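Novice: Using only what follows, build the 3D model:
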Amino acid sequence: MARIQLFSDDGLEELERTVDPGTTSSVFSNLRPDTIYTMIVVSDDAVVSSDTRKTNLLDGISATMVTSDSVQLTWNVVGTATSYEISFISQDTTTAELNTSISAGQSMALVQNLQPQTLYTFSIVAVIGTTRNNVGSVTTATENANESPVLSNCPNDTAAVLPDTSSFVSVTWTPPTATDDDGTPTVSSTHQQGSLFEYGLTYVTYTAVDTEALTANCSFTVNVTDTTLPVINNCPGTVPALLIPGDSLVEVLWTVPTEGDNSGFVTLMSTHSPGAAFPLGDTPVTYTAVDAAGNTMACIFNVSVTPARSVLFAINLEVQETLSPPSQEERFLLEQGIDALWSDAVNK
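Specialist: Have a look, this model is predicted:
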């Protein structure tokens, strides 16, 4: 008796059969397509012949969709098949799977959990009762594992100064560039270069998204400063007032000045408010405008309180000034006359 041994080159298959003496041929079936096999004929423990051949590549199967970790297979339906078996092996023989059963009537299967950038050979066998017929085989490589996109040349933090006459300033920069291992990613940003920025610190973010929805972000700041002083309009001059005899304070009114600033953010503060009570003499009143950057502007004027020589004089003078302000001479004569009337009234 002679023994025929058959070994696949990848070491996954080892077949052996015994034949009668004088036999010159033997057929091994259900071998994997596109695979190298070595056949050895042994008689009386001696090798009498050997041969190495490669099975044909069948074309009844195709890889219709390939990703980094999966391959979708389609094949020609065998009408009498009761099921199908899918087997695959990687070129480096580190990954192999046999006899994955697929129900009859199907002509498509998705093989998953594969290694990226690896060459695989897939084979399909139609099971018809106790017979197994090759449908076909296909060799294809999985794609590279998709990686997140990359944003290069992200702009540095940028500074700008607010102009004297505007609440905004246009800021420009060179946008970053986006690349990906799978096409060109879509890039969006919170602000476009050349946009208008107001006073303060603003974060600008670019986002790149690839076809697998993987993202990359790039951020920098635009810092807009303000060196322009605020303004105070209609600052009052000296505000006069008369103190009636017997009183220690007099309430004084004036028109509040208005403030402004190029940043649009300004606060007006004062040491006194209209209607405040003032003593005899000169009291400085200060208005201070402060913008968001801390720049300040001051408006200073005096409230000048002088004594009235009599109650009647003070009252009459206020009436006269309301109707028609008296001249200095008229004021003097009026004061003297009121004083005389007041003296006569006291002495009687």
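Novice: Next up, the contacts around the closest residue to residue 100 other than its chain neighbours.
Specialist: Leaving aside its sequence neighbours, residue 100 sits nearest to residue 86 (C-beta to C-beta, 6 or more residues apart in numbering; 4.5 Å). Quick note: C-beta positions are derived from backbone N, CA and C, even for glycine. Counting by C-beta atoms under 8 Å, 6 or more residues apart in numbering, residue 86 touches 73, 97, 100, 102, 109, 111, 122, 123, 124.
Novice: List the residues that contact the fifth one.
Specialist: Looking back up the chat, that one is residue 109. By C-beta under 8 Å, 6+ apart, the neighbours of residue 109 are 72, 73, 84, 86, 100, 102.
Novice: before we move on, the earlier item: what is the nearest of the contacts of residue 86 to residue 284?
Specialist: Of all the contacts of residue 86, residue 111 has the smallest distance to residue 284: 89.5 Å, by C-beta to C-beta.
Novice: Over to the residue nearest to residue 100. Which of the three states is it?
Specialist: strand (DSSP: H, G, I helix; E, B strand; the rest coil).
Novice: and it, what are its bridge partners?
Specialist: residue 100, residue 124 (DSSP bridges).
Novice: Can you tell me how far it is from residue 60?
Specialist: 13 Å (C-beta to C-beta, to the nearest Å).
Novice: Would you map the strands across the stretch 1-150 of the chain?
Specialist: Remark: strands assigned in the stretch 1-150 of the chain by DSSP state E, counting those that start in this stretch are 2-8, 14-19, 36-43, 46-54, 61-66, 71-75, 83-90, 96-103, 108-111, 119-128, 131-141, 150-152.
Novice: got these as CSV, with distance to residue 192 columns?
Specialist: Compiled in CSV, the strands of the stretch 1-150 of the chain are given as follows (distance: least, C-beta to C-beta, whole Å):
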stretch, distance to residue 192
strand 2-8, 61
strand 14-19, 67
strand 36-43, 60
strand 46-54, 60
strand 61-66, 38
strand 71-75, 41
strand 83-90, 48
strand 96-103, 52
strand 108-111, 42
strand 119-128, 46
strand 131-141, 41
strand 150-152, 16
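Novice: Could you tell me the least trusted of these?
Specialist: Within those, confidence is poorest for strand 96-103, with a mean of 74 (mean pLDDT).
Novice: mind giving me the domain split of the protein?
Specialist: Domain ranges of the chain: 2-54, 61-141, 150-225, 228-307, 309-348, per automatic domain parsing.
Novice: if we can go back for a sec, out of the strands of the stretch 1-150 of the chain, nearest to residue 270?
Specialist: Of all the strands of the stretch 1-150 of the chain, strand 150-152 sits nearest to residue 270, with 51.3 Å by C-beta to C-beta.
Novice: Would you mind checking the contacts of residue 109 for buried ones?
Specialist: 73, 84, 86, 102 (16 or more other C-beta atoms under 10 Å).
Novice: what sits against the nearest residue to the last one once chain neighbours are set aside?
Specialist: The reference is to residue 102. Leaving aside its chain neighbours, residue 102 sits nearest to residue 84 (4.2 Å; criterion: C-beta to C-beta, 6+ apart). By C-beta under 8 Å, 6+ apart, the contact set of residue 84 is 75, 78, 101-104, 106, 109, 124-127, 135.
Novice: one more time with 7 Å, if that's ok
Specialist: Taking C-beta atoms under 7 Å, 6 or more residues apart in numbering as the contact definition, residue 84 lies against 102, 106, 124, 125, 126, 127, 135.
Novice: before we move on, the earlier item: for the strands of the stretch 1-150 of the chain, which one sits closest to residue 257?
Specialist: strand 150-152 (50.8 Å).
Novice: following that closest one, which helix or strand comes up?
Specialist: strand 158-161 (DSSP states H and E).
Novice: which helices and strands sit right next to that following strand?
Specialist: strand 215-225 (3 or more C-beta pairs under 7 Å, 6 or more residues apart in numbering; DSSP states H and E).
Novice: what's next to whatever helix or strand comes next after the strand it packs on, contact-wise?
Specialist: Tracing the chain C-terminally past strand 215-225 and defining elements by DSSP H and E, one meets strand 231-233 next. With contact meaning C-beta under 7 Å, 6+ apart, strand 231-233 is reached by 257, 258, 259, 260, 287, 289, 297, 299.
Novice: Look up how far residue 141 lies from the second one.
Specialist: When C-beta to C-beta is applied, the distance between residue 258 and residue 141 equals 76 Å.
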